[in-house]
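[1] Got a sequence here, can you build the structure:
(chains A and B)
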Amino acid sequence: MTTVIETVKLSKWYGSVLGLSDVSLKIEPGIVGLLGPNGAGKSTFLKLVTGLLKPSLGSVSVFGEKIIGNYRLFARIGFCPEQDSFYDEMTGWEFLTGLMRLHGYSAAESRRRATHALETVELTKDRDRMIRAYSRGMRQRLKFAQAIAHDPDLMIMDEPLSGLDPLTKRKLIRLIKNFKAEGKTVVVSSHILPEIEALTQTIILIHQGKVFAQGDIHVIRDLIESHPHLISIKCDDPRRLASHFLRAPDVLKIHFGSDGRSLLLETNNRDQFFGRLTAVLAEGRFAVEEITSPDDNLQAVFDYLIEK
Amino acid sequence: MNEPSRKLSVWTGFAASTGRVFSLFFARGRKARRTKVLFAFSFLPVVVSLMLRFHHVLSESRSFDGAYYFSNIIMVFYLNLIVLILALFYGTSVCSEEVEGRTLSYLLTRPLPRPTIVLGKSLAAVLLIAEMVGVSLLFSFLALNFGHLSPVACSRLLKYGGVLFLGVLSYSAFFVFLGSALKRSIFFGLLFSFGWENIVQYFPGSTQRLTIIHYLKSFLPEASSGRFSFLTFRLEATRPLPALLILTLVTAGFLALACLVFSKKEYLYED
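    Numbers count the residues shown, from 1 in each chain, chains lettered A, B, ... in the order given. I've put the predicted structure just below:
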């Protein structure tokens, strides 16, 4: 398979702060998810790949060519930036047709492409409204539209699903999957695992500027599943509830809250634990107010994996 | 493709890219709220001209030297204030507004050579300023010379307009460079405009030649007399041709520097 993006020992420092360290990888056509907590180096990686940043060390090539100073490559690349920024004194239509003109298309062709992109992201009705009057979701879709309007072979999307309502999120996920079906390459970053899972099986885990793991999402899932989870339960009688878990092999620790109404359990097998909990609660002897998972975030998983 | 036609095609592509950037930002600039505010500001000399004219009408004095007032308004308002302020705001914003507004990535991920972004946006800024100053200048001229319009007065208007256009070009180029290279470019631009330019121009000897305004003043047909004469004080006016050459070099040099900085510099958004 052809390599679309190749980085060799790619590193980036912002002064004395490390942005990315020694990243060597090859990205092939399809959808690749770049997953990591906030500040992990995902945006730095994407900006290096698009030539918006220059590497401190190492190199990046896209479609076999160096990206730095190679502006012609951008005819084949679409970039959806993370920041929610626009030329606010423009309408969505002016913004898109203006950017298409910068690609060198004629006025008629720019209009045709802008129309198609707006239809794709379902913004046709609002095309003549000022961007500053757009909702967050509409702005996000407009950003998406400018990245796809010139029909690029490679799309680089920095947190494209953030701030979207579930319906729009689902539509964009479907669109991104369509690009894959057309043989294109999409690199999507996110700090939310289910978002990436919905898009692709191929992921790159990035943390503290380093590629932590790369490959099939199931391998990563297995790693994550072995991560001990904290589960907090608020109920009327936490001590009595705890007695049901004292001998359970999947429960590692039990703590009682100072309020006398909460219980914190640590388990190394979440599915088994929840099966047991459901069975106990089904008997109807406890009035449970709330069940939460305080460490159910990517940062906690990464911290655990690093220690491991 | 042989070498000359390849070079020609590169330059044609470069010019076309500059033109595309220009048309996008010229259209955007005309609609911008900032343009409306600065357009109103550029009418300050028109208000002063009208006040002078009304004062003359109301005081019923016989003599009113429109040419004298017009040349002083050029010095006091246009060269020392309007052109400087407009060039400062539009020039520095060519690069800095993209970084501060976090819109730079939309431009840098298009198939455009980076210098064409600077040149296209600078051209749009210069034409916007020229439009504003031109309209304002015409109204000031009419307010002060109404009833005394003569070919001499009209030729003076053209000459002053030309000098102001040279000022717009050279100051804009300098401020574009400042905006591409420095973070607080407005602050340094204000220091330059109202510190360096407005003070050093009055230094005797050749120190005044280190200011842009010195060369602009060198084109003015005569030193104005009367209470504002200090504003055109100059010990050694540079002859028009060398002055034109120096202003052209200043414009080309600072634009080239701005293009170089913009092409090489890594712009980071502040988080």
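[2] Which residue does chain B have closest to chain A?
    Per CB to the nearest CB, residue B:102 is where chain B lies closest to chain A, at 3.7 Å. Heads up, the C-betas are built off the backbone N, CA and C, glycines and all.
[3] Now that that residue has come up, it's in contact with residue A:83, right?
    Yes: taking CB atoms under 8 Å as the definition, residue B:102 is a contact partner of residue A:83 at 4.5 Å.
[4] anything in contact with each of the two?
    residue B:269 (CB atoms under 8 Å, 6 or more residues apart in numbering or on different chains).
[5] Residue numbers of the stretch 101-250 of chain B in contact with chain A?
    Contact residues (CB under 8 Å from any CB of the partner chain) of the stretch 101-250 of chain B with chain A: B:101-114.
[6] quick one: which of those residues sit in helices?
    B:104, B:105, B:106, B:107, B:108, B:114 (DSSP state H).
[7] per-residue confidence for the second one?
    Predicted confidence (pLDDT) for residue B:105: 95.
[8] same check, this time on the last one
    pLDDT for residue B:114: 96.
[9] Pretty sure it sits against residue B:108.
    Yes: contact criterion CB under 8 Å: residue B:114 and residue B:108 qualify, at 7.2 Å.
[10] still on that earlier bit, for the residues of the stretch 101-250 of chain B next to chain A, which one is nearest residue B:133?
    Using CB to CB, the shortest approach to residue B:133 within those belongs to residue B:101, at 25.5 Å.
[11] and the closest one, how far is that from residue B:166?
    Residue B:101 sits 30 Å away from residue B:166, going by CB to CB, to the nearest Å.
[12] separation between the residue of chain B closest to chain A and residue A:88?
    Going from residue B:102 to residue A:88 by CB to CB gives 11 Å.
[13] on that earlier part again, look at residue B:101 and residue B:166 and report which has more neighbours.
    Higher neighbour count among residue B:101 and residue B:166: residue B:166, with 21 against 16, using other CB atoms under 10 Å in any protein chain shown.
[14] List the contacts of that one.
    Residue B:166 neighbours (CB under 8 Å, 6+ apart): B:216, B:219, B:244, B:247.
[15] Show me which of these has the smallest pLDDT value.
    Lowest pLDDT among the contacts of residue B:166: residue B:219, 86.
[16] Name the nearest residue to that one, ignoring sequence neighbours.
    Excluding the flanking residues, the one nearest residue B:219 by CB to CB, 6 or more residues apart in numbering or on different chains is residue B:163, at 4.6 Å.
[17] following the helix or strand where that neighbour lies, which helix or strand comes up?
    Using DSSP states H and E, residue B:163 sits in helix B:151-181. For helix B:151-181, the following helix or strand on the C-terminal side (DSSP H and E) is helix B:185-191.
[18] Tell me the buried residues in that next one?
    Buried residues in helix B:185-191, defined by neighbour count with 16 or more other CB atoms under 10 Å in any protein chain shown: B:185, B:186, B:188, B:189.
[19] For it, name the packing helices and strands.
    helix B:83-100, helix B:151-181 (3 or more CB pairs under 8 Å, 6 or more residues apart in numbering or on different chains; DSSP states H and E).
[20] And the shortest one, what does it pack against?
    This means helix B:83-100. Secondary-structure packing of helix B:83-100 (3+ CB pairs under 8 Å, 6+ apart): helix B:33-41, helix B:114-145, helix B:151-181, helix B:185-191, helix B:240-264.
[21] could you dump that helix to PDB, C-alpha only?
    Presented in PDB, the C-alpha positions along helix B:83-100 are these (Å, rounded to 0.1, in the frame of the first residue of the first chain):
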ATOM      1  CA  VAL B  83      -1.700  58.600   6.400                       C
ATOM      2  CA  LEU B  84       0.400  57.400   9.400                       C
ATOM      3  CA  ILE B  85      -2.600  56.100  11.400                       C
ATOM      4  CA  LEU B  86      -4.300  54.400   8.400                       C
ATOM      5  CA  ALA B  87      -1.000  52.800   7.200                       C
ATOM      6  CA  LEU B  88      -0.200  51.700  10.800                       C
ATOM      7  CA  PHE B  89      -3.500  50.000  11.400                       C
ATOM      8  CA  TYR B  90      -3.800  48.400   7.900                       C
ATOM      9  CA  GLY B  91      -0.100  47.600   7.500                       C
ATOM     10  CA  THR B  92       0.500  45.900  10.800                       C
ATOM     11  CA  SER B  93      -2.700  43.900  10.500                       C
ATOM     12  CA  VAL B  94      -1.700  42.300   7.200                       C
ATOM     13  CA  CYS B  95       0.100  39.500   9.200                       C
ATOM     14  CA  SER B  96      -0.800  40.100  12.800                       C
ATOM     15  CA  GLU B  97      -4.600  39.900  12.300                       C
ATOM     16  CA  GLU B  98      -4.200  36.400  10.900                       C
ATOM     17  CA  VAL B  99      -2.200  35.300  13.900                       C
ATOM     18  CA  GLU B 100      -4.300  37.100  16.500                       C
END
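[22] any idea of the mean pLDDT for it?
    The average pLDDT within helix B:83-100 is 96.
[23] now swap in the longest one and tell me
    Per-residue confidence for helix B:151-181 averages out to 94 on the pLDDT scale.
[24] so how far is that helix from its chain's centroid?
    Between the centre of helix B:151-181 and the centre of its chain there are 5 Å (CA atoms, centre = their mean, to the nearest Å).
[25] rewinding a little: any idea which of the ones in helices among the residues of the stretch 101-250 of chain B next to chain A is closest to residue A:35?
    Nearest to residue A:35 among those is residue B:105, at 21.7 Å by CB to CB.
[26] Spatially, what comes nearest to the closest one if we skip its sequence neighbours?
    Leaving aside its sequence neighbours, residue B:105 sits nearest to residue A:81 (CB to CB, 6+ apart; 4.6 Å).
[27] tell me, how many neighbours does the one you found end up with?
    If we define neighbours as other CB under 10 Å, then residue A:81 has 26 of them.
[28] which ones are touching it?
    Contact analysis of residue A:81 by CB under 8 Å, 6+ apart lists A:143, A:158, B:102, B:105, B:106.
[29] how about 7 Å then?
    Contact analysis of residue A:81 by CB atoms under 7 Å, 6 or more residues apart in numbering or on different chains lists A:143, A:158, B:105.
[30] quick one, helices of the stretch 101-250 of chain A?
    With helices called from DSSP state H, counting those that start in this stretch, the stretch 101-250 of chain A shows them at A:107-120, A:136-148, A:166-181, A:193-199, A:217-225, A:238-243.
[31] contacting residues around the helix or strand hosting residue A:289?
    Under the criterion of DSSP H and E, residue A:289 resides in strand A:288-292. Contacts to strand A:288-292, defined as CB under 7 Å, 6+ apart, come from residues A:231, A:232, A:233, A:234, A:235, A:281.
[32] Nearest residue to the middle of chain B?
    For chain B, the residue sitting closest to the mean C-alpha position, by CA atoms, centre = their mean, is residue B:168 at 1.7 Å.
[33] can you count the residues close to the closest residue to that one other than its chain neighbours?
    Leaving out its chain neighbours, the residue that sits closest to residue B:168 by CB to CB, 6+ apart is residue B:129, at 4.9 Å. Here the number of neighbours of residue B:129 (other CB under 10 Å) works out to 29.
[34] And for residue B:165?
    When neighbours are counted by other CB under 10 Å, residue B:165 registers 17.
[35] now do residue B:47
    14.
[36] For residue B:21, state which of the ones in helices among the residues of the stretch 101-250 of chain B next to chain A is nearest.
    Minimum distance to residue B:21 across these is 7.8 Å, recorded for residue B:107 (CB to CB).
[37] Around chain B, pick out the residues from the stretch 1-150 of chain A.
    A:50, A:52-54, A:71-72, A:74-75, A:77, A:79, A:81, A:83, A:85-87, A:89-90, A:98-99, A:101-104, A:146 (CB under 7 Å from any CB of the partner chain).
[38] Can I get the buried part of these as one ChimeraX selection?
    Typed into ChimeraX, the line below selects the buried ones among these, using 16+ other CB under 10 Å:
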select /A:50,52,53,71,74,77,79,81,83,85,86,87,89,90,98,99,101,102,103,104,146
